[in-house]
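> Provided below are the primary sequence and the corresponding predicted coordinates.
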Amino acid sequence: MAKKKKIVQKLQEAAKMKAVLIGERIVSNSGKAISLYEQSRLGNLEHGNVFYSMIEAIYLVEKGKLDVFSAKKKISHEKLIEKARALEPNFFAKYSVFRDMRNRGYVVKTALKFGADFRVYEKGIKPGEEHAKWVLYPVSENSILTWHDFAAKNRVAHSTNKNLLIGIVDEEGDVTYYEIKWLKP
């Protein structure tokens, strides 16, 4: 029985994509990574390599689809989270929202050029085919959001022809979403 378990584990390991941590990004040049990118738009395809953000890589590691290495040493899921938390103080809220949206079938990409954390595409839509429907801001339930902050986020969404989506994350990592859109009187 133990021998069968080891064989199954080795097969699962062989099926995983391999990637390397370079600075704050994770890169893979495997055919599996490119295929997954084309299917789900996880990562960014650049010159035959797929570059993952820390959040995307941690999501794939959690799903059992990716192993990340630094030099020749495999980095554990916990170490990746530790690195991500050091880079991003709001990591827990961002990751909780990213994971929840991906698990619901949405394509979630960064939205730094829009002044937001994420942009979200309707189910079945891939970036480049159509525009994102929402700009998404993850917020911890313990955070304070002023009316000025709220107005600024809403203005960004409106100026980019998107709806504002705020994902409020509780201490257990559950997310409640609020969609805000402009109404014409």
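Ah, there it is.

> lowest-scoring secondary structure element of this structure by mean pLDDT?
The least trusted helix or strand in the chain, going by mean pLDDT, DSSP states H and E, turns out to be helix 2-15, with a mean of 52.

> helix or strand next in line after that one, which one?
Counting by DSSP states H and E, the next helix or strand C-terminal to helix 2-15 is strand 17-22.

> tell me which other helices or strands whichever helix or strand comes after that next one touches.
Next helix or strand after strand 17-22 toward the C-terminus (DSSP H and E): strand 25-28. Judged by 3 or more C-beta pairs under 8 Å, 6 or more residues apart in numbering; DSSP states H and E, the packing partners of strand 25-28 are strand 17-22, strand 49-52, helix 54-62. (C-beta placed from N, C-alpha, C; glycine too.)

> counting neighbours, which bits of the helix or strand that strand 25-28 is followed by end up buried?
Moving toward the C-terminus from strand 25-28, the next helix or strand (DSSP H and E) is helix 31-40. Using 16 or more other C-beta atoms under 10 Å as the test for burial, helix 31-40 gives 33-34, 36-37.

> circling back to that earlier point, format the helices and strands packed on strand 25-28 as JSON lines; extra columns: mean pLDDT and mean neighbour count.
Shown next, in JSON lines, are those (pLDDT from 0 to 100; neighbours: other C-beta atoms under 10 Å):
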{"stretch": "strand 17-22", "mean pLDDT": "94", "mean neighbour count": "18"}
{"stretch": "strand 49-52", "mean pLDDT": "96", "mean neighbour count": "21"}
{"stretch": "helix 54-62", "mean pLDDT": "96", "mean neighbour count": "22"}
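
> save these as CSV, and put in distance to residue 92 too.
Formatted as CSV, those follow (distance: least, C-beta to C-beta, whole Å):
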stretch, distance to residue 92
strand 17-22, 20
strand 49-52, 19
helix 54-62, 11
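
> of all those, which one is nearest residue 181?
Proximity to residue 181 (C-beta to C-beta) singles out helix 54-62 among those, at 25.8 Å.

> tell me which other helices or strands that closest one touches.
For helix 54-62, the packing partners by 3+ C-beta pairs under 8 Å, 6+ apart are strand 25-28, strand 66-70, helix 77-87, helix 91-103.

> could these be laid out in a markdown table, adding mean pLDDT?
Converted to a markdown table, the helices and strands packed on helix 54-62 look like this (pLDDT from 0 to 100):
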| stretch | mean pLDDT |
| --- | --- |
| strand 25-28 | 94 |
| strand 66-70 | 95 |
| helix 77-87 | 94 |
| helix 91-103 | 96 |
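
> JSON lines for the ones you listed, including distance to residue 135 and mean neighbour count?
Below are the helices and strands packed on helix 54-62 laid out as JSON lines (distance: least, C-beta to C-beta, whole Å; neighbours: other C-beta atoms under 10 Å):
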{"stretch": "strand 25-28", "distance to residue 135": "22", "mean neighbour count": "22"}
{"stretch": "strand 66-70", "distance to residue 135": "27", "mean neighbour count": "19"}
{"stretch": "helix 77-87", "distance to residue 135": "21", "mean neighbour count": "14"}
{"stretch": "helix 91-103", "distance to residue 135": "12", "mean neighbour count": "20"}
